[in-house]
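**Q** All I have is the shape, not the residue letters:
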């Protein structure tokens, strides 16, 4: 799974490419580092409209190969190493996006699969609620 990176692209474009591979995961971008098993605060979050070369003028065009079996903490470190920008992976948990701080040791694909399981639980409960109203 490759993400195409170029200096003129926005952070939102990178997010969309990532989410096309992992529909129930997303990445957010931050100005400060977070340690493993720690979250990032909203006030450190970078705007999705930010352009890569404005954040890091040393970024060049690049094809980044994302591995579904990569551990989240390694993925986050690799992104910073390649692009000089801190990221945090989020997983959809029912109707809420949560930072994967307590599951940084999980692989990206495991995060996606867990989110799918949680999504099915919601679908089933919504169906039951619907039938109770009939």
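**A** Ah, there it is. This is a predicted model, so every value here is computed, not measured.
**Q** Tell me where the model's unsure across the chain.
**A** Low-confidence segments of the chain, defined by pLDDT under 70: 35-38, 121-134.
**Q** Which stretches in it count as strands?
**A** Counting by DSSP state E, the chain has strands at residues 2-5, 25-30, 62-65, 86-93, 96-99.
**Q** Can you name the residues that contact residue 21?
**A** By CB atoms under 8 Å, 6 or more residues apart in numbering, residue 21 lies in contact with 1, 66, 68. Bear in mind the C-beta positions are built from the backbone N, C-alpha and C, glycine included.
**Q** what about the second one, how many residues close to it?
**A** Read that as residue 66. When counting by other CB atoms under 10 Å, one arrives at 16 neighbours for residue 66.
**Q** pretty sure residue 64 is touching residue 70, no?
**A** No. Residue 64 lies out of contact with residue 70 (CB atoms under 8 Å); the separation is 11.4 Å.
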